[in-house]
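Asks: Predicted model, plus sequence, below.
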Amino acid sequence: MSTLAVHDHGIVHHEEGHEHHHKQTFLNTYVFSQDHKMIAKQFLITGITMAFIGMTLSLLFRIQLAYPDKSFPLLETLLGRFAPGGRLSPDFYMSLVTIHGTIMVFFVLTAGLSGTFANLLIPLQIGARDMASPFVNMLSYWFFLLASVVMVSSFFVQKGPASGGWTIYPPLSALPKAMPGSGEGMTLWLISMVFFIASSLMGGINYISTVLNMRTKGMDLWKMPLTIWALFLTAVLGVLAFPVLVAGVVLLIFDRSFGTSFYLSDIVLNGQVQPFEGGSPILFQHLFWFLGHPEVYIIIMPAMGISSEILAVNSRKPIFGYHAMVYSLIGISVLSFIVWGHHMFVTGMNPFLGGVFMITTLIIAVPSAVKTFNWLATLWRGNIRFTPAMLFAIGLVSFFISGGLTGIFLGNAALDINLHDTYFVVAHFHLVMGSAAIFGMLAGVYHWFPKMFRRMMDERLGYLHFWITFIGAYLVFFPMHFMGLDGVPRRYYAFTEFESMKRWLTVNTFITWAAIMSGFAQVVFIFNFVYSIFFGKKATQNPWEANTLEWTTPVEHIHGNWPGEIPTVYRWPYDYSKPGHDGDFIPQTVPYSQTMTSNLPHDFEDNPAGLEEYNKWASANKINEQVK
Amino acid sequence: MMAQIQQEDKLNLGAKKFSMWIFILTSFMLFAAFTSGFIVYSGGRGHGLNVILPQAFKYSTAVIILSSITLLMASKAAKGLQFGKQRLYLWLTFFLGIAFFAIQIYAWYVLTYKMQVYFTNPNASRSFIYVFSGMHLLHVLAALLVLLSTIKGSYSNIPQVRNLFKMDMTSIFWHFLDIVWICLYVFLLLNQY
């Protein structure tokens, strides 16, 4: 029934397309486009823009950390009252840290990453004409853009943007008078996040519905590329977790603006006792981290899926342990909902409960290790092509290992007493989800650039970008482990104020210069990206010799993706270097009847008729050999 | 039959209906989060509700259950191609929805002015009554708009496939909101003391 429907769909749509073409105008092609490929590009370019804003913010506060006593008149010229006398004000420093975190976590690595690749790859890799609801998909982008604009606009209000940290814990965030950033800046933050969550949910609902309902003929779940599995499970996490953040944020808005006391109790502000009574700030942390922890997997899982695909294509080998990769993604997804308490070990939580959260947290090491070993085994003795995308995918594996190891330290309730809110945490998550996820995203951009823009990115600039960023990221984040072990807390404005932290000033200077260096590498990337869109080498239909369906579409973008019928899928997506075949890849659309020499008995596990044919062919060919 | 499959598929109606179910899931998570928040709050702090809920909530519950029944009748009529009946029951459902809305507001009035149980309350368990019913009312508002669009559809001459599709979408949403309200009300009743 379902395959019948999909089949008919192809024909009907095709005919319709000829009958009345929509008139292509600038507005409906580039702005209010409902085509998933265009929406993907919109998400990507907005995401990259936000990434540059987020990165610039981080460079600003890195300058403050490296040179706390030095005055930079240029800063006052650029930032005005936020940098009186050429030094960042402490309040503005907090705002920078807060908005850097918010932008990177939500706007770049959630919307920029999932939004781009789910939109681009889901219809193309499962063989669908477009998303389940293209209109809602378009709305999803426009809500995201609106959220981005509102978030950035908070830099233009009198008292500056939100500054309570990206986790916006009350009471600081709930009392507009608590600090400058808790005023209008915080209000704008909340408005922006409401739009963002709406965008995320609309996108996620579409992705799930499309993957489950609109796969082409033959594309059963176990023939889907790992990118699709990852993006699908990511969407499931988002759909389950984001509503809980809404609940937390709604109650926070009531506390801020309506005088309720969900989170507030016993507050004395500027010597005045506030009327709030009986609230529990811990309640907010529970609601926030019930989203917050799945959120980090929402960030890393698409990057994992992208890397799995790129590693297999460029190693010219099947991905090692396809089923194990899927089950580990499912395992991570399930576990992500029962570990949120590890962010709250030091909130006075019952130590027994802490122990439970510790165990669930440490169990995540198992599926993570399965993935890591499978990636390494995929690379092992592969016929590796070191394209820029491949380098970034390998970079993800490296960051995931080195950042993941410190997760085992932090997951311990006892060790966390020491390490909580120190630079050790900063180092951990910037490696394991920051750098790893952004490398996954960059790998995806290099790999699918020809699909998006019909041209190739420059390889040499890609290599330059990779090596500077890779080395730079380690130089920035590795020393932070040692600062954290020494007890240096995160989010502090100037280390010179504390005797015990003064000795880390030189390290801070070093980190800042490493960060500036990595920042320059991103300029190389953006030049390469923009230049290649207009002047890059023309791409061929299947430049990486990959198996998945998106490379069977014509180079020219058409609405509906395939000019005729949607191709049928016969095999899994990882038939690279299959023994007995003359080429080193067999696309998913090639039936087994055309590859008799490379077929194996287990290719026909659920296909007795095929197995019979295979056996007949095999015995016939054996006879021929004997005759020879 | 064949034509119907093609028609349905061209518009991805099946996939869209599935999307509605996922939306229901997100909405379920939202209310699950609020009720969990209530449990964490009232359990952790020893703050019970200690309010006898206004009688109005009983009436609103009856009204919303009735509205679900009328919507079922409308669906049945639509499937039997009795469009006059379908419109009648849809309008009935719509007005029962408005009545539900009004009774909920009246319940707030009773809570605030008669019982002095304010939204701004040092015992946030009591604020939660307003949060539960308020967030539910927001959903009801959205559902009323969906209902209106279905009513509008039943007047313009849309294909029967689309008419049934609109009926299905409305029904899933409306019955879900009915069930959510019953759950929230029972939850509040169980935590009354």
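Replies: Structure received.
Asks: Only C-alpha atoms from now on, for both contacts and neighbour counts.
Replies: Fine.
Asks: which regions of chain B lie under the pLDDT threshold?
Replies: Applying pLDDT under 70 to chain B flags residues B:1-11, B:44-46.
Asks: Around chain A, which positions in it sit nearby?
Replies: B:5-6, B:9-10, B:12, B:14-16, B:18-19, B:22-23, B:25-27, B:29-31, B:33-34, B:37, B:40-41, B:45, B:119-124, B:127 (C-alpha under 8 Å from any C-alpha of the partner chain).
Asks: Let me see the mean pLDDT of the longest helix seen in chain A.
Replies: Longest among the helix segments of chain A by residue count, using DSSP state H, is helix A:281-315. For helix A:281-315, mean pLDDT is 95.
Asks: same question, stretch A:156-167
Replies: pLDDT averaged over stretch A:156-167 gives 93.
Asks: Report the distance from that stretch to the chain centre.
Replies: 24 Å (C-alpha atoms, centre = their mean, to the nearest Å).
Asks: Touching it from outside, list them.
Replies: Outside of stretch A:156-167, the residues within contact range by C-alpha atoms under 8 Å, 6 or more residues apart in numbering or on different chains are A:82, A:91-92, A:94-99, A:101-102, A:154-155, A:172-173, A:180-186, A:188-189, A:288.
Asks: One more: stretch A:475-489?
Replies: A:418-419, A:421-428, A:430-431, A:501, A:504, A:507, A:511-512, A:514-515.
Asks: What about those, which are in strands?
Replies: Counting by DSSP state E, no part of these is found in strands.
Asks: contacts with chain B among those, please.
Replies: Counting by C-alpha under 8 Å from any C-alpha, no member of these reaches chain B.
Asks: Of those, just the buried ones, PyMOL syntax please.
Replies: Selecting only the buried entries of the contacts of stretch A:475-489 in PyMOL, with 16 or more other C-alpha atoms under 10 Å in any protein chain shown as the criterion:
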select buried, chain A and resi 418+419+421+422+423+424+425+426+427+428+430+431+501+504+511+512+514+515
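Asks: ok, now which ones touch the closest residue to A:R215 other than its chain neighbours?
Replies: Nearest non-adjacent residue to A:R215, counting by C-alpha to C-alpha, 6 or more residues apart in numbering or on different chains: A:I126, 5.0 Å away. When contacts are counted by C-alpha under 8 Å, 6+ apart, A:I126 touches A:211, A:214-216, A:219, A:224, A:228, A:549.
Asks: Include secondary structure and neighbour count when you put those into a markdown table, please.
Replies: Listed next are the contacts of A:I126 as a markdown table, based on DSSP: H, G, I helix; E, B strand; the rest coil; neighbours: other C-alpha atoms under 10 Å in any protein chain shown:
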| residue | secondary structure | neighbour count |
| --- | --- | --- |
| A:V211 | helix | 24 |
| A:M214 | coil | 26 |
| A:R215 | coil | 25 |
| A:T216 | coil | 24 |
| A:M219 | coil | 21 |
| A:M224 | coil | 23 |
| A:I228 | helix | 24 |
| A:L549 | helix | 23 |
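Asks: Closest to chain B out of those?
Replies: A:M214 (7.4 Å; C-alpha to the nearest C-alpha).
Asks: ok, that closest one to A:D220 distance?
Replies: 11 Å (C-alpha to C-alpha, to the nearest Å).
Asks: quick revisit: which members of the residues of chain B next to chain A are classed as buried?
Replies: B:5-6, B:9-10, B:12, B:14-16, B:18-19, B:22-23, B:26-27, B:29-31, B:33-34, B:37, B:40-41, B:119-124, B:127.
Asks: So which of the contacts of stretch A:475-489 are in helices?
Replies: Short answer: the contacts of stretch A:475-489 in helices (DSSP H) are A:418-419, A:423-428, A:507, A:511-512, A:514-515.
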